[in-house]
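My questions are about this predicted structure, shown below with the sequence.
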Amino acid sequence: TLGSPPVSDEPTFLTWGLLGPGKGIEWVIDALGELKARGLSARYVVAGRTHPRVLENDGEAYREMLMARAERLGVADAVEFDPSYRPLGSLLDLIERSTCVVLPYDSDDQITSGVLVDAIAAGRPVIATRFPHAEEILADGAGLLVGHAAPQHLAEAMERVITDRRLVANMSLVAASMAPSYRWTAVAADYADLAARVANP
């Protein structure tokens, strides 16, 4: 149900999509190390296959670097890498089980993010780096914005999600209120309306 608490009681952060350098996953792993030093724990799920071009050129070097980083920081048991392809129903179940979606992208000029739209459409709060699409969508309170390549900022935002249930509930409610306008049926209707207006001014 949109805006409802996640299925899992343990704070669970989720990032999904094709994996490769620039996704910023390493900063979330660093933030988990910082949270561990503060006596806080959470689960982090990284779901998605390696991007085909990255796989062709570099193999699984990025994923292996992330796994080694988590091991070095002592948080390997808190990070789950799921490289499987998930059909829509399975992906929605994964999102439902998360407390918060994290978009730690390195780029500050990313115009759009399908993952961001899908997270809001599923009624889940988001922690995102400051790129234009995130600043626009999260302006009303559906998530928290952090600096790029800034694990300290990520750790602070994640700590707020872990410790402040009211904040998470409020962000979820805002996301749920926005969700209907981000579903594919609504987007398709908007395009059909635009096409009709262009064809019949």
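Looks like it came in fine.

When you work out contacts or count neighbours from here on, use the C-alpha atoms and nothing else.
Will do.

Work out the gap between the longest helix seen in the chain and the centre of the chain.
If you go by DSSP state H, the chain has its longest helix at helix 165-182. Remark: helix 165-182 is offset 14 Å from the chain centroid, using C-alpha atoms, centre = their mean, to the nearest Å.

cool, stretch 52-62 as well?
Worked out by C-alpha atoms, centre = their mean, stretch 52-62 lies 22 Å from the chain centre.

Quick check: buried residues in that stretch?
For stretch 52-62, a neighbour-count test (16 or more other C-alpha atoms under 10 Å) marks 54, 60, 62 as buried.

okay, the longest helix of the chain in PDB with CA atoms only?
Output of helix 165-182 as PDB, limited to C-alpha atoms (Å, rounded to 0.1, in the frame of the first residue of the first chain):
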ATOM      1  CA  ARG A 165      10.200   7.100  12.200                       C
ATOM      2  CA  ARG A 166       8.000  10.200  11.900                       C
ATOM      3  CA  LEU A 167      10.300  11.700   9.200                       C
ATOM      4  CA  VAL A 168      10.100   8.500   7.200                       C
ATOM      5  CA  ALA A 169       6.300   8.300   7.600                       C
ATOM      6  CA  ASN A 170       5.900  11.900   6.400                       C
ATOM      7  CA  MET A 171       8.200  11.400   3.400                       C
ATOM      8  CA  SER A 172       6.400   8.200   2.500                       C
ATOM      9  CA  LEU A 173       3.000  10.100   2.700                       C
ATOM     10  CA  VAL A 174       4.300  12.900   0.400                       C
ATOM     11  CA  ALA A 175       5.700  10.300  -2.000                       C
ATOM     12  CA  ALA A 176       2.400   8.400  -2.000                       C
ATOM     13  CA  SER A 177       0.500  11.700  -2.700                       C
ATOM     14  CA  MET A 178       2.700  12.300  -5.700                       C
ATOM     15  CA  ALA A 179       2.700   8.700  -7.000                       C
ATOM     16  CA  PRO A 180      -0.500   8.800  -9.100                       C
ATOM     17  CA  SER A 181       0.900  11.400 -11.400                       C
ATOM     18  CA  TYR A 182       4.100   9.400 -12.000                       C
END
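
List the buried residues for it?
Those would be 167-180, 182, for helix 165-182 by 16+ other C-alpha under 10 Å.

repeat for stretch 38-54
41-50, 54.

So which of these belong to strands?
Using DSSP state E, the subset of the buried residues of stretch 38-54 located in strands is 43-47.

from these, which is closest to residue 96?
Nearest to residue 96 out of these is residue 45 (C-alpha to C-alpha; 12.6 Å).

Would you agree the closest one is in contact with residue 77?
No. Residue 45 is beyond contact range of residue 77, at 11.0 Å (criterion: C-alpha atoms under 8 Å).

could you pull out the strands for this protein?
12-16, 43-47, 79-82, 100-103, 126-129, 143-146.

I'd like those as a markdown table, with distance to residue 70 and mean pLDDT appended.
Listed next are the strands of the chain as a markdown table, based on distance: least, C-alpha to C-alpha, whole Å; pLDDT from 0 to 100:
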| stretch | distance to residue 70 | mean pLDDT |
| --- | --- | --- |
| strand 12-16 | 15 | 97 |
| strand 43-47 | 11 | 98 |
| strand 79-82 | 7 | 97 |
| strand 100-103 | 17 | 98 |
| strand 126-129 | 20 | 98 |
| strand 143-146 | 21 | 98 |
